[in-house]
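Got a sequence here, can you model it:
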Amino acid sequence: QVQLQESGGGLVQAGGSLRLSCAASGLSFGSYGMGWFRQVPGKEREFVASITFSGQNSYYSDSVKGRFTASRDNAKNTVYLQMSSLKPEDTAVYSCAAARRIYDTPGTNSREYAYWGQGTQVTVSS
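A predicted model of the protein is given here:
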């Protein structure tokens, strides 16, 4: 059974930083591209970042490019999202997800992902 567990969310002031972690189990983690998405109540889930299975390449939405960095440690079965220069509009529940097929380069569409974590709340105060 695949499990993804996020941690590291919390309350931070605007301009601050947080690092989210997503620990994976039940899959060959090093073979799967991973993604980060966020969602605000009443709005659609939004792509934030993704990283290839090797960690060699990462991709970002325009809204977080230059402020967020995705990384992974395949030895620890963990993917990270380092968030800096946080803004109130970054407030959301952040979830990690694993790509639907091994070795796929993960995209921005949530349908490309088969496994999801429960999410962790990030709140940025102004």
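
Quickly find the element holding the residue most central in space within the chain.
A centroid search over the chain (CA atoms, centre = their mean) returns residue 36, at 2.3 Å, as the residue closest to the centre. For residue 36, the host element (DSSP states H and E) is strand 34-39.

Please confirm that residue 30 is located within a helix.
Yes: assessed with DSSP: H, G, I helix; E, B strand; the rest coil, residue 30 lies in a helix.

what's near enough to touch it?
53, 54, 74 (CB atoms under 8 Å, 6 or more residues apart in numbering). Bear in mind the C-beta positions are built from the backbone N, C-alpha and C, glycine included.

Make sure the first one is actually in contact with residue 33.
It stands for residue 53. Yes: using CB atoms under 8 Å, residue 53 is in contact with residue 33, at 5.1 Å.

Identify the contacts common to those two.
99, 103, 104.

Most neighbours out of those, which is it?
residue 99 (22 neighbours; other CB atoms under 10 Å).

Can you get me a residue count around the residue nearest to that residue when sequence neighbours are not counted?
Using CB to CB, 6 or more residues apart in numbering and skipping residues adjacent in sequence, the residue nearest residue 99 is residue 33, 4.0 Å away. If you count neighbours by other CB under 10 Å, residue 33 ends up with 28.

what's the spacing between residue 33 and residue 81?
14 Å (CB to CB, to the nearest Å).

go on, residue 68?
For residue 68, the distance to residue 81 - CB to CB - is 6 Å.

More neighbours: which of the two?
Applying other CB under 10 Å to residue 68 and residue 81 shows that residue 81 carries more neighbours, namely 27 against 22.
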